[in-house]
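Undergrad: sharing a model prediction with you, sequence too.
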Amino acid sequence: MTDWTDPDTFAQALEHVETKEKGNCFEDFEEGDVIEHDPGLTLTQFGNEQWMGQTLNHDPAYWRSDAAEARGFEEPPVHPDYLTAATLGITVEDLSEKGGYFLGRTDVRFPGTPVYTGTELHVESEVVNTATSSSRPEYGIVSWRTRGKDAETGEVLCSYERTNMIPRRDPVATDGSGAAAAEEEDDKPDLPEVFITPDGGYFEDFVAALEEADSENAAVAYRHERGRTQDDVTVAQLPLSTLNTAKQHHNVDVMSDSPSGDIVTYGDVTRSTALGHARSDEQTWREVGFDDESFHTFVAVGDTVYAFTRVLSAEDDASSEQAGTVTFEHIAFNQDDEPVYSGTRTAEIQKRSN
Ligand SMILES: CC(C)(COP(=O)(O)OP(=O)(O)OC[C@H]1O[C@@H](n2cnc3c(N)ncnc32)[C@H](O)[C@@H]1OP(=O)(O)O)[C@@H](O)C(=O)NCCC(=O)NCCSC(=O)C[C@H](O)C(=O)O
């Protein structure tokens, strides 16, 4: 009788069997396709606190009832970063489990917030664009519009448009124009002479710093001291806790033969960590949205995520009189000072006068 566990026999068996595939390749996506994602999760207090704790998002309004009430919440709500990461995590099995790198995202909005723990999330995506990669023949580029909804009421809680590099089943010939264009770029830096740091983290501090910058060749730009070194929890555990099955985060065997050569941090962990550093130096009131997010290079176990902030504008037009609206550009960078993420963020920031 054949012993299927004999190593030689088993190796032969592996060579002959088919693999029951998970996920989709580039060729499986067509513009206009709508995908209802089967996985769903309940946004629990544990999941919320685990995400916020590990990414250094320690704003008391998301942890303590008295602080939550003082900010106009009924109770500590689900953090927008966890909501965003969970919305994306649920989509991975259908959209990017094959190993597509998360390149960027824009128009991240939270029409149904605040969201409280106990809410069940149901997510759907629509393919909005498919494109050939001119520099990487084994990948295509796909963008989806995703909506995370309250499964009970259908209310949209989080929506965004995301772009990934997705493996092709069949590589295509490319003209390499992407790489050539990059080489032609003029990389002479054009930085201002002066860099201003706001005195504090209230709305008025950002307004004053921008006014000062206006009067000279200056930018309001500064770095945050905190860093977070990536470990097994941030790289593998946090994405899996959002049902993110992308092999990039938990399958070292497959990833050793990929562009990154190793498992990498989930983009939403990198971003949320950098945002956590930035928020620790401001008095946030509400998150409004995020645009033009890009992931520039990989973050892996042992890398440290730091944050840099540039203040772009401040307007006195927030939803509450207790706050003003500030738009930031945040750049996450690693221990070698290389940018790993960038994006603009609009948030309502508390006024000092209240
Ligand atoms: C992935 C990279 C190694 C690719 O590097 P490189 O080959 O140098 O190319 P580019 O970075 O220039 O980009 C490749 C093509 O993609 C287009 N691109 C890039 N960004 C965007 C964007 N925001 N929107 C649309 N298109 C974009 C470029 O124009 C290029 O096109 P072409 O010239 O035609 O080929 C490198 O980008 C890299 O290392 N990035 C970091 C990736 C990363 O770490 N992401 C987060 C972790 S992965 C993850 O979180 C997965 C997640 O769980 C999920 O499932 O989504």
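TA: Happy to help now that I have it. The model shown is predicted, which means the values in this text are computed figures rather than measured ones.

Undergrad: CA only for contacts and neighbour counts going forward, please
TA: OK.

Undergrad: OK, contacts around Arg147?
TA: By CA atoms under 8 Å, 6 or more residues apart in numbering, the contact set of Arg147 is Thr87, Val123, Glu124, Ser125, Val156, Leu157, Cys158, Ser159, Tyr160.

Undergrad: of those, which belong to helices?
TA: Among these, the members found in helices (DSSP state H) are Thr87.

Undergrad: let's have the contacts of Arg147 in JSON lines, adding pLDDT, distance to Ala67 and neighbour count.
TA: As requested, the contacts of Arg147 are exported to JSON lines (pLDDT from 0 to 100; distance: CA to CA, whole Å; neighbours: other CA atoms under 10 Å):
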{"residue": "Thr87", "pLDDT": "98", "distance to Ala67": "26", "neighbour count": "28"}
{"residue": "Val123", "pLDDT": "98", "distance to Ala67": "30", "neighbour count": "28"}
{"residue": "Glu124", "pLDDT": "98", "distance to Ala67": "33", "neighbour count": "20"}
{"residue": "Ser125", "pLDDT": "98", "distance to Ala67": "35", "neighbour count": "25"}
{"residue": "Val156", "pLDDT": "98", "distance to Ala67": "26", "neighbour count": "19"}
{"residue": "Leu157", "pLDDT": "98", "distance to Ala67": "23", "neighbour count": "23"}
{"residue": "Cys158", "pLDDT": "98", "distance to Ala67": "24", "neighbour count": "26"}
{"residue": "Ser159", "pLDDT": "98", "distance to Ala67": "27", "neighbour count": "25"}
{"residue": "Tyr160", "pLDDT": "98", "distance to Ala67": "29", "neighbour count": "22"}
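
Undergrad: mind putting the contacts of Arg147 into JSON lines with distance to Glu212?
TA: As requested, the contacts of Arg147 are arranged in JSON lines below (distance: CA to CA, whole Å):
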{"residue": "Thr87", "distance to Glu212": "40"}
{"residue": "Val123", "distance to Glu212": "45"}
{"residue": "Glu124", "distance to Glu212": "45"}
{"residue": "Ser125", "distance to Glu212": "44"}
{"residue": "Val156", "distance to Glu212": "40"}
{"residue": "Leu157", "distance to Glu212": "38"}
{"residue": "Cys158", "distance to Glu212": "36"}
{"residue": "Ser159", "distance to Glu212": "36"}
{"residue": "Tyr160", "distance to Glu212": "34"}
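
Undergrad: for the stretch 101-250 of the chain, what lies in contact range of the ligand?
TA: Listed as neighbours of the ligand in the stretch 101-250 of the chain under the rule CA under 6 Å from any ligand atom: Tyr101, Phe102, Leu103, Gly104, Ser133, Ser134, Ser135, Arg136, Thr163, Gly178, Ala246.

Undergrad: report the two of the contacts of Arg147 separated the most.
TA: Spatially, the most separated pair among the contacts of Arg147 is Ser125 and Leu157, at 13.7 Å (CA to CA).

Undergrad: filter the residues of the stretch 101-250 of the chain next to the ligand to the buried ones?
TA: Tyr101, Phe102, Leu103, Gly104, Ser133, Ser134, Ser135, Arg136, Thr163, Ala246 (16 or more other CA atoms under 10 Å).

Undergrad: and these, which two are the farthest apart?
TA: By the measure CA to CA, those have their two most distant members at Ser134 and Ala246, which lie 23.9 Å apart.

Undergrad: before we move on, the earlier item: out of the residues of the stretch 101-250 of the chain next to the ligand, flag the one nearest to Ala68.
TA: Of all these, Ala68 sits closest to Gly104, with 31.3 Å by CA to CA.

Undergrad: which secondary element of the protein has the worst mean pLDDT?
TA: Using mean pLDDT, DSSP states H and E, helix 177-184 stands out as the lowest-scoring helix or strand of the chain, at a mean of 53.

Undergrad: now, the buried ones among the residues of the stretch 101-250 of the chain next to the ligand that are in strands?
TA: If you go by DSSP state E, those have Phe102, Leu103, Gly104, Thr163 in strands.

Undergrad: ok, the last one - contacts?
TA: Meaning Thr163. Applying CA under 8 Å, 6+ apart to Thr163 gives the contacts Phe102, Leu103, Gly104, Arg105, Ile141, Val142, Ser143, Trp144.

Undergrad: want to throw those residues into TSV with pLDDT and distance to Gly201?
TA: Converted to TSV, these look like this (pLDDT from 0 to 100; distance: CA to CA, whole Å):
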residue	pLDDT	distance to Gly201
Phe102	97	31
Leu103	98	30
Gly104	98	28
Arg105	98	27
Ile141	98	39
Val142	98	38
Ser143	98	35
Trp144	98	35
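
Undergrad: if I look at the closest residue in space to Arg310 that isn't next to it in sequence, how far off is the ligand?
TA: Take Arg310 and drop its neighbours on the chain: the residue closest to it by CA to CA, 6 or more residues apart in numbering is Ala221, 4.2 Å away. Remark: distance between Ala221 and the ligand (CA to the nearest ligand atom, to the nearest Å) = 23 Å.

Undergrad: next, give phi and psi for Ala221.
TA: Note on Ala221: its backbone torsions stand at phi -150, psi 140 [degrees, to the nearest 10].

Undergrad: spatially central, which residue of the chain would that be?
TA: With distances taken as CA atoms, centre = their mean, the chain has Asp268 as the residue nearest its mean C-alpha position (2.9 Å).
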